[in-house]
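[1] just a sequence and a predicted model for now, questions to come.
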Amino acid sequence: MVVQTPEEASTDVGASYWFWSGARGALSVPGFVLYGSFFGFGAMTHDFGWPIWAAGLSTLLIWAAPGQLVLAGALASGAGIGASALAVSISAVRLLPMVVAILPVLKTPQTRFGTRLLAAHYVAVTAWFEGQRRTQVMPREGRMPYFLGLANGLVAGSAVATVSGHAAAGVLPPALAIGLLGLTPVYFLLSLERGAHGVGERVAIVVGLVMAPFVSQMSPSFDLLWTGIIGGTLSFLIDRTVARRRRST
Amino acid sequence: MSQHDGWFMLLAIVAAFAANEVWRMLGVLLSARLDEDSALFAWVRMVATALVAGLVAKLVLSPTGGFALAPLWLRLASVAAGGAVYGVTRRSLALGVGAAEITLIAGMAILGT
């Protein structure tokens, strides 16, 4: 908690004020949906045979649920470290445009390069969406500390949730444990739709869903890569065709 | 499989961290110059979307661990319930995920595992 005298609060609130109000913002509905999904992810890593520290560390370091799940899935299907990292990297390309979109909202002319890198590290779907939505209406000097507070709160809550999910997976009644394992796929599917731009990305969801079972028969270790590249390109072509039709009519 | 080996896991996580972080750093470097509405970006986002959607399909259709104890029809019914509730509640993630969970847990309780 930050205690401030009335004079300070009314005239010039400091960076720590914004940081802690951001951290409190991590206790919100989108935050709890995120923690629920990391709880499910933790349970899933238990199922994949990960040690509990690995589950927690993956959330603290990687901080991108799709990447973490791709890693778990790739390792489970027998892919090596190189192929797994490549699949993770492909799932993370989406972070690039998100960073490009949020930085102009957060930074001031005084923002250092190191601070920008730090802010970019925290960019993941929930932090990005909530951070952008909430800071847009704030005074500019408060945005970066608010975002860092929010993101750190989300990381902390998610790490606790991951470790708890891992620990709970072994002791819960089977119906509940299986329920947890089913949480992550449906959360991913719905948040993909929630974050999708335009026709092409929605087509990509459907194409990816339909293609994956067939591709995994043909290329079990690289199936995710091929599903992404072939499915994404197909969706891109469909998207361009639709856009051209619309323009010509 | 050497998955339970601590060093292997640590290395895999650090490699995944680096693979993930590259794009965030590139985003910082390019944020001044890149047009996020360009065709290249649109393609990249669709590739990533298809990849993650493919992962979802794999997890639901051919799960490897305990999730496989739920029959296929129940796994599909749970996802369908989630999607339907999400659709009728003006795209609420919390309600959609909640509905999928209730369907799955209730289904497993009724089947008596």
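    It's in.
[2] ok, longest helix in chain A?
    Counting residues, the longest helix found in chain A (DSSP state H) is helix A:140-169.
[3] how far off centre is that helix?
    Offset of helix A:140-169 from its chain centre (C-alpha atoms, centre = their mean, to the nearest Å): 11 Å.
[4] so which residues of chain A form strands?
    For chain A, applying DSSP state E gives no strands.
[5] and it, split by domain according to the record?
    Per automatic domain parsing, the domain ranges recorded for chain A read A:15-180, A:196-249.
[6] okay, those in JSON lines with mean pLDDT and mean neighbour count next?
    To be clear about C-beta, it is placed using only N, CA and C from the backbone, and glycine gets the same treatment. Formatted as JSON lines, these follow (pLDDT from 0 to 100; neighbours: other C-beta atoms under 10 Å in any protein chain shown):
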{"stretch": "domain A:15-180", "mean pLDDT": "90", "mean neighbour count": "21"}
{"stretch": "domain A:196-249", "mean pLDDT": "89", "mean neighbour count": "18"}
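[7] out of those domains, which is closest to residue B:26?
    Closest to residue B:26 of these is domain A:15-180 (C-beta to C-beta; 5.6 Å).
[8] can you check the distance spanned by that closest one, start to finish?
    Using C-alpha to C-alpha, to the nearest Å, the end-to-end distance of domain A:15-180 comes to 38 Å.
[9] now the helices for the chain?
    In the absence of a named chain, this looks at chain A. A:6-11, A:15-25, A:29-47, A:52-61, A:65-76, A:81-92, A:95-106, A:113-121, A:125-135, A:140-169, A:174-181, A:183-195, A:198-218, A:223-248.
[10] should've been chain B
    B:6-30, B:39-61, B:72-88, B:93-111.
[11] worst mean pLDDT among the ones you listed?
    Out of the helices of chain B, helix B:39-61 stands lowest, with a mean of 86 (criterion: mean pLDDT).
[12] could you pull out the buried residues of that one?
    B:41-60 (16 or more other C-beta atoms under 10 Å in any protein chain shown).
[13] put the alpha carbons of that helix into PDB.
    Output of helix B:39-61 as PDB, limited to C-alpha atoms (Å, rounded to 0.1, in the frame of the first residue of the first chain):
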ATOM      1  CA  ALA B  39       0.200  -7.500 -45.600                       C
ATOM      2  CA  LEU B  40       3.300  -9.200 -44.000                       C
ATOM      3  CA  PHE B  41       1.900  -8.600 -40.500                       C
ATOM      4  CA  ALA B  42      -1.500  -9.800 -41.500                       C
ATOM      5  CA  TRP B  43       0.000 -13.100 -42.900                       C
ATOM      6  CA  VAL B  44       2.200 -13.500 -39.800                       C
ATOM      7  CA  ARG B  45      -0.800 -13.100 -37.500                       C
ATOM      8  CA  MET B  46      -2.800 -15.700 -39.500                       C
ATOM      9  CA  VAL B  47       0.100 -18.200 -39.300                       C
ATOM     10  CA  ALA B  48       0.300 -17.800 -35.600                       C
ATOM     11  CA  THR B  49      -3.500 -18.100 -35.200                       C
ATOM     12  CA  ALA B  50      -3.700 -21.300 -37.300                       C
ATOM     13  CA  LEU B  51      -0.800 -22.800 -35.300                       C
ATOM     14  CA  VAL B  52      -2.500 -22.200 -31.900                       C
ATOM     15  CA  ALA B  53      -5.900 -23.300 -33.300                       C
ATOM     16  CA  GLY B  54      -4.200 -26.500 -34.500                       C
ATOM     17  CA  LEU B  55      -2.800 -27.000 -31.000                       C
ATOM     18  CA  VAL B  56      -6.300 -26.700 -29.500                       C
ATOM     19  CA  ALA B  57      -7.600 -29.300 -32.000                       C
ATOM     20  CA  LYS B  58      -4.800 -31.700 -31.000                       C
ATOM     21  CA  LEU B  59      -5.400 -31.200 -27.300                       C
ATOM     22  CA  VAL B  60      -9.100 -31.900 -27.600                       C
ATOM     23  CA  LEU B  61      -9.100 -34.700 -30.200                       C
END
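[14] compute the inter-axis angle for that helix and helix A:81-92.
    Relative orientation of helix B:39-61 versus helix A:81-92 (axes from the mean of the first three to the mean of the last three C-alpha atoms, to 10 degrees): 120 degrees.
[15] hmm, helix B:39-61 touching chain A?
    Yes - under the criterion of C-beta under 8 Å from any C-beta of the partner chain, chain A is reached by helix B:39-61 at B:39, B:41-61.
[16] got it, and stretch B:72-79?
    Yes - counting by C-beta under 8 Å from any C-beta, chain A has neighbours in stretch B:72-79: B:75, B:78-79.
[17] looking at those, which is nearest residue A:74?
    Taking C-beta to C-beta as the measure, residue A:74 lies nearest residue B:75 of the residues of stretch B:72-79 next to chain A, at 21.0 Å.
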